[in-house]
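Peer 1: dropping the sequence and predicted coords here.
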Amino acid sequence: MIDKPKVELIGSREACAFLLPKHYSGRKPNISIAFGLVHNEKLVAVLTVGKPASNSLCVGVCGKEHKDSVYELNRLCRLDEWKEPLSSFVSGCLRKLKSKDFIIVSYADTAMNHSGYIYQACNFIYTGATKRRTDKYTEGNKHSRHYDNDKQTGLRKVRSSKHRYIYFCTSNKKLRNDWKSSLRYKIEPYPKETNKKYKLGEYLSPQIVSTND
C-alpha cells in the first residue's frame, strides 16, 4: 500500500540539510518553524518560516501594533522527482500554523523568473513588487548585517525585485479583519508571467557592481 504524503514538523538541522544543497539561495535561513513533506518515509519537500531580520519589514506590513506577528515563509523546495503540486503542501503547512496567529510574508524572486503561482493558488494577498536595489557585498557573499567594516570590499551586490505576497494565517476572524484593515500595502492583481524552473543545486550568482558605477 502506498502511503499518502504527510506534512510533519521537522527540526532546523534536518531542514537545512535538505535545503542547502538544493535551494538557489545557497544560504541558511532563519528558521523558527520547519515542515517536511514525507512520502513513503522519505523527505520530498521542505518549507521554513522565520522571523525577518528587518524590523522595518515587520513594521511595514501592518504597523507597529502588529509587527511581532510578522513572519516570513523564507524557503520552499522539493526534490526534482516529486511532481505533485507544492501548493497542497503549502496549504497543509498553513493549516498547521493557524493556531500561531502569524502574518506571513513571502517573496517570489524575479531574478529566478518566479511569479509566485504557488502563493496565488493558496490565496495569498499580492501587494506588488519590491524595488531593485543594492546591498554591501561581503567576502563569501555573507548577509550584509554580518560584515566587518575592515573587510568591506567597496563593492555592492544587486538585490533583485521580488513579488511580495502576504497571508493572514489565523482562525480568528476578528484578528484577520484587524490585520486586513491595518495593511499598509495596496492589494494588487496577481502577476501573470512565465515561470522558469531552476535546477536544484545551482545557486544564484550575485551580480556585483562597483560603488563607482
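Peer 2: Alright, I've got the coordinates.
Peer 1: let me see the contact set for the residue nearest the centre of the chain.
Peer 2: Centroid check for the chain by C-alpha atoms, centre = their mean gives N74 as the closest residue, at 2.7 Å. Shown in contact with N74 (C-beta atoms under 8 Å, 6 or more residues apart in numbering): 29-31, 48-50, 106. C-beta here means a position set from N, CA and C on the backbone, and glycine is covered the same way.
Peer 1: equivalent analysis for N172, please.
Peer 2: By C-beta under 8 Å, 6+ apart, the neighbours of N172 are D101.
Peer 1: try the one 4 residues further on
Peer 2: For R176, the contacting residues are 168, 170, taking C-beta under 8 Å, 6+ apart as the criterion.
Peer 1: host element of it?
Peer 2: Applying DSSP states H and E as the criterion places R176 in helix 173-182.
Peer 1: excluding its backbone neighbours, what's nearest I10?
Peer 2: Computed as C-beta to C-beta, 6 or more residues apart in numbering, the closest residue to I10 that is not its neighbour in sequence is G36, at 4.1 Å.
Peer 1: before we move on, the earlier item: please, which helix or strand holds the residue nearest to the centre of the chain?
Peer 2: Assigned by DSSP H and E, N74 falls in strand 70-78.
Peer 1: and that strand, what's its mean pLDDT?
Peer 2: Averaged over strand 70-78, pLDDT sits at 96.
Peer 1: following element in sequence after that strand, please.
Peer 2: By DSSP H and E, the next helix or strand past strand 70-78 is helix 86-97.
Peer 1: any idea how far the strand holding N74 is from the chain center?
Peer 2: Strand 70-78 sits 3 Å away from the centroid of its parent chain (C-alpha atoms, centre = their mean, to the nearest Å).
Peer 1: ditto for stretch 166-186
Peer 2: Here stretch 166-186 shows a centroid-to-chain-centroid distance of 19 Å under the convention C-alpha atoms, centre = their mean.
Peer 1: put the alpha carbons of it into PDB.
Peer 2: Extracted as PDB, the C-alpha positions of stretch 166-186 are listed here (Å, rounded to 0.1, in the frame of the first residue of the first chain):
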ATOM      1  CA  ILE A 166       1.000  38.200   2.400                       C
ATOM      2  CA  TYR A 167      -1.100  35.600   4.100                       C
ATOM      3  CA  PHE A 168      -3.100  36.200   7.300                       C
ATOM      4  CA  CYS A 169      -2.600  32.900   9.000                       C
ATOM      5  CA  THR A 170      -5.200  32.700  11.800                       C
ATOM      6  CA  SER A 171      -8.500  31.100  12.600                       C
ATOM      7  CA  ASN A 172      -9.600  34.300  14.400                       C
ATOM      8  CA  LYS A 173     -11.900  36.200  12.100                       C
ATOM      9  CA  LYS A 174     -11.700  39.500  14.100                       C
ATOM     10  CA  LEU A 175      -7.900  39.400  14.200                       C
ATOM     11  CA  ARG A 176      -7.800  38.700  10.400                       C
ATOM     12  CA  ASN A 177     -10.100  41.700   9.800                       C
ATOM     13  CA  ASP A 178      -7.900  43.900  12.100                       C
ATOM     14  CA  TRP A 179      -4.800  42.900  10.100                       C
ATOM     15  CA  LYS A 180      -6.500  43.500   6.800                       C
ATOM     16  CA  SER A 181      -7.700  46.900   7.800                       C
ATOM     17  CA  SER A 182      -4.200  47.700   9.100                       C
ATOM     18  CA  LEU A 183      -2.400  46.500   5.900                       C
ATOM     19  CA  ARG A 184      -0.100  49.300   4.700                       C
ATOM     20  CA  TYR A 185       0.400  47.900   1.200                       C
ATOM     21  CA  LYS A 186      -2.000  48.300  -1.700                       C
END
